[in-house]
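In: sequence-free structure coming up:
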DNA sequence: ATAGGGTTAG
């Protein structure tokens, strides 16, 4: 084809009429423009030829020229030509409308449309504008224009209906919409057109994937429409196949696919991407093989899907092979392939290589940017992610979502919620993933109320069947200690994955339901769900909190022997925690000595915490020494060590450690520190409340209050006591009530104030004593802290959560 | 001159 144009160009002189000659040339170019990558260069040379030969094209040639410029991304040239026509006809205008719409500029398209006088407007012109809107995701504008068209008595044709149906497919989210449309189409007599029926099937398909509609019912109707068509074209087949794929019914899709006589490339691609999406990597690769055997040549769509499969399965080398194949066969660089390549790199742990691919990419799109953003986020490189996010030339809802959940997963819940609110304010579409990120932020913050509100909004929007949102909710309720809610969400989720199971096991384990956590874990194994490394972390710490020492050791052992997951440092840390909490410190020490690699900070921290609880000063000092060597930040170690001494009654040594801290300029105050969570300032008083030093701490507290006032915070009477003497007596709130009452007296608490007592309680099962204590000190509310977790007593109810 | 299908980012 390309040669045909060139020969024709060379034989210019031999051609009779010059107008005819150009018309033929343009026609040829027009026919091949889909495949020719050098078409725009060729086109410019033809155009230049016209100008130098002094040929002034008549309108149809000019229109042709504009049209071809548009289709070869020469929009600038097209616009230039168009603007110089004194009175462009409707054909030229329609071309420009379509061109602007295709390049994402519906506003510019509308300008041309509005300037088109009613007297020359026609149905095609309207069709182009309606399509323009639906291509730019503005279904409402498309329909409005359709109504305008009817009002002005333009006769819609099958193209109009096809476009309007496409627009409606964007909006339809209820079964009734489909039924009504179906009737309207039948009445209009347009149902005889294949393209209209295809579009109607599309509406059913799109609507079926709406969370508010029944996918099964609607796909059934779509399928009925499909099989009742007198004859089906390629598009009918692919619409129905992809419809099933999109609605997660791969078996149904495969059935239709197998029934195709001549399987189209598009259909192969749809099946492959469907398998990849569902995580059926093997089936996807098998389809690729079958496709190859059937003599089909994989194109960029196929390669993109396969690359994505490789990324998910960690098949780095296969991925590289696909990349090599693409480089060999495709002359044009397809961004999507490179985007998938970026993902392959980072999912295989090569974040910086992913960035390199991105940097070398000449034409980047939103997906490229988002892929790199995800790379940084998932690698925990949150600062780079933040910078990259700010650098992005444009952001869609996905970019925001990635950033929100990234912040939440890296413990920056407050930032996550802030970003979510910004998103809401800016009117960016809030999808289920965005909610999932916000809910995770609440889980991180322990913001129970905000999280519950988000849950309500989630249900309102019909997102409650979303897997990611469901998982976020299970985690959130789990961390907040509302176990029943966590369980309910889990049970009502339409489908669950490993993350959901892990979340519920964690929820139970963290709140003293160790036995149930273990039972649930066993149930998961019975259902043949393969546990991952997170599952083992979760179940071992559940054992640790419930004191199920042998069970915990058992899981640690089978993790490698049965499930071939080699224990990481975090697993060892949980094991050490399990043993040291139970006071089996020497056993813990033995495990540390026999570890296959050098124990890191988390291991020694777990041991040190155990030493503090069980008053083993010697081992504690040894662990602390290791920690001083291993970590640059010594704050936590100092505090743990001081408390170990104090717990053993060695006040002088404890005081020495505190002095050491001050001397070394450790930022955290030895006796007291404060943080701001949401709008409340929480003050942490670290130290023994019965110790004479309490007066010193009290003075410090007053100083702190002044400081806070200066900074604009309004300090309330929410004090925090970290009482290490109660460490071992986990249910012994009442025995200390006297002592605490004295302290609160010292702090001159007004009656009925909120008291926040932060103690090292592991399991909160003692509501009775808590409420008894409350009435004794005339508190309205008590919050008891255990590490990052808190238990909240108020109005006769107890709830739990995470503090930061 | 206008329509309807397949890919990639969580």
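Out: Here it is on my side, so go on. This is a predicted model, so every value here is computed, not measured. Numbers count the residues shown, from 1 in each chain, chains lettered A, B, ... in the order given.

In: quick check: the gap between residue A:258 and DNA strand B.
Out: Using CB to the nearest atom of the strand, to the nearest Å, one obtains 17 Å as the distance from residue A:258 to DNA strand B. (Each C-beta comes from the backbone N, C-alpha and C, glycine too.)

In: on the pLDDT front, check that residue for me.
Out: In this model, residue A:258 is scored at 94, pLDDT.

In: again, but for residue A:798
Out: Residue A:798 carries a pLDDT value of 55.

In: do residue A:206 as well
Out: As predicted, residue A:206 sits at a pLDDT of 92.

In: do residue A:74 as well
Out: Per-residue pLDDT puts residue A:74 at 72.

In: with residue A:776 instead?
Out: Note for residue A:776: predicted pLDDT of 49.

In: ok, residue A:368 next?
Out: Note on residue A:368: pLDDT of 96.

In: name the helices or strands packed onto the host helix or strand of it?
Out: Residue A:368 is located in helix A:366-378, with elements delineated by DSSP states H and E. Judged by 3 or more CB pairs under 8 Å, 6 or more residues apart in numbering; DSSP states H and E, helix A:366-378 is in contact with helix A:335-347, helix A:351-360, helix A:382-391, helix A:397-409.

In: the third one near DNA strand B anywhere?
Out: What it means is helix A:382-391. No - under the criterion of CB under 7 Å from any atom of the strand, DNA strand B is not reached by helix A:382-391; the shortest gap measures 11.3 Å.

In: what angle separates that helix from helix A:366-378?
Out: Counting by axes from the mean of the first three to the mean of the last three CA atoms, to 10 degrees, helix A:382-391 lies at 160 degrees to helix A:366-378.

In: what distance separates helix A:382-391 from the centre of its chain?
Out: In this view, helix A:382-391 has its centroid 16 Å away from the chain centroid, taken as CA atoms, centre = their mean, to the nearest Å.

In: how far off helix A:351-360 does it point, in degrees?
Out: Per the same axes, to 10 degrees, the angle that helix A:382-391 makes with helix A:351-360 is 20 degrees.

In: following the particular helix or strand that has residue A:60 in it, which helix or strand comes up?
Out: Counting by DSSP H and E, the secondary-structure element that holds residue A:60 is helix A:59-71. Moving toward the C-terminus from helix A:59-71, the next helix or strand (DSSP H and E) is helix A:75-84.

In: next SSE downstream of that following helix?
Out: helix A:90-102.

In: so what touches that next one?
Out: Contact with helix A:90-102 is made by A:59-60, A:62-63, A:66-67, A:70-71, A:75, A:78-79, A:82, A:85, A:88, A:106, A:108-109, A:112-113, A:115-116, A:120-122, A:124-125, A:128-129, A:131-133, A:135-136, as judged by CB atoms under 8 Å, 6 or more residues apart in numbering.

In: among these, which ones lie close to DNA strand B?
Out: Answer for those near DNA strand B (CB under 7 Å from any atom of the strand): A:63, A:67, A:122, A:124, A:125, A:128, A:131, A:135.

In: what is the neighbour count of residue A:461?
Out: 16 (other CB atoms under 10 Å).

In: need the pLDDT of it.
Out: Looking at residue A:461, its pLDDT is 88.

In: and it, how far from residue A:429?
Out: Relative to residue A:429, residue A:461 is positioned 11 Å away (CB to CB, to the nearest Å).

In: what's residue A:164 in contact with, if anything?
Out: A:130, A:134, A:142, A:143, A:146, A:156.

In: touching, residue A:466 and residue A:436? I think so.
Out: Yes - with contact defined as CB atoms under 8 Å, residue A:466 counts as touching residue A:436 (7.3 Å).

In: ok, the two, which is more surrounded?
Out: Counted by other CB under 10 Å, residue A:466 and residue A:436 do not tie: residue A:436 has more neighbours, with 27 against 21.

In: now the helix or strand containing the more buried one, how far from the chain's geometric center?
Out: Assigned by DSSP H and E, residue A:436 belongs to helix A:432-445. A distance of 10 Å separates the centroid of the chain from that of helix A:432-445, by CA atoms, centre = their mean.

In: do stretch A:62-80 as well
Out: In terms of CA atoms, centre = their mean, the centre of stretch A:62-80 is set 40 Å apart from its chain centre.

In: try stretch A:445-465
Out: Stretch A:445-465 sits 16 Å away from the centroid of its parent chain (CA atoms, centre = their mean).

In: ok, now stretch A:653-665?
Out: Worked out by CA atoms, centre = their mean, stretch A:653-665 lies 44 Å from the chain centre.

In: quick one: the helix or strand hosting residue A:458 near DNA strand B?
Out: Assigned by DSSP H and E, residue A:458 belongs to helix A:448-460. No - Helix A:448-460 lies out of reach of DNA strand B by CB under 7 Å from any atom of the strand, never closer than 13.8 Å.

In: show me what from the stretch 351-500 of chain A comes close to DNA strand B.
Out: Within the stretch 351-500 of chain A, the residues that sit near DNA strand B (CB under 7 Å from any atom of the strand) are A:365-367, A:370-371, A:374, A:378, A:396-399, A:401-402, A:405, A:431, A:433-434.

In: mind running it again at 10 Å?
Out: Residues of the stretch 351-500 of chain A found near DNA strand B (CB under 10 Å from any atom of the strand) are A:365-375, A:377-378, A:395-406, A:409, A:429-437, A:468.

In: which residues of chain A fall in strands?
Out: A:672-677, A:680-686, A:721-722, A:754-757, A:781-786, A:789-794, A:797-802 (DSSP state E).

In: hmm, residue A:357 is touching residue A:337, no?
Out: No - at 10.6 Å, residue A:357 does not count as touching residue A:337 under the criterion of CB under 8 Å.

In: quick one on the thing from earlier: quick one: contacts of the helix holding residue A:368?
Out: A:335-336, A:338-339, A:342-343, A:345-346, A:351, A:354-355, A:358, A:361, A:382, A:384-385, A:388-389, A:392-396, A:398-399, A:402-403, A:405-406, A:409-410.

In: next one: stretch A:576-583
Out: Applying CB under 8 Å, 6+ apart, the contact partners of stretch A:576-583 are A:540-541, A:543-544, A:547, A:549, A:552-553, A:585, A:587-588, A:591-592, A:603, A:606-607, A:609-611, A:613-614, A:762.

In: could you rerun that using 6 Å?
Out: Contacts to stretch A:576-583, defined as CB atoms under 6 Å, 6 or more residues apart in numbering, come from residues A:544, A:549, A:552, A:587, A:588, A:603, A:606, A:607, A:610, A:614.

In: same thing with stretch A:543-554?
Out: A:509, A:514, A:518, A:540, A:577, A:578, A:581, A:582.

In: okay, those residues in a markdown table with neighbour count, distance to DNA strand B and pLDDT next?
Out: Shown next, in a markdown table, are these (neighbours: other CB atoms under 10 Å; distance: CB to the nearest atom of the strand, whole Å; pLDDT from 0 to 100):
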| residue | neighbour count | distance to DNA strand B | pLDDT |
| --- | --- | --- | --- |
| A:509 | 27 | 25 | 85 |
| A:514 | 23 | 31 | 83 |
| A:518 | 22 | 30 | 94 |
| A:540 | 27 | 26 | 95 |
| A:577 | 23 | 29 | 92 |
| A:578 | 29 | 31 | 92 |
| A:581 | 21 | 34 | 83 |
| A:582 | 18 | 37 | 84 |
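
In: which of these lies closest to residue A:477?
Out: Nearest to residue A:477, judged by CB to CB, of the contacts of stretch A:543-554 is residue A:509 at 14.0 Å.

In: if we can go back for a sec, lowest-confidence one in the contacts of stretch A:576-583?
Out: residue A:614 (79).

In: could you pull up the residues touching it?
Out: Residues in contact with residue A:614 (CB under 6 Å, 6+ apart) are residue A:583.
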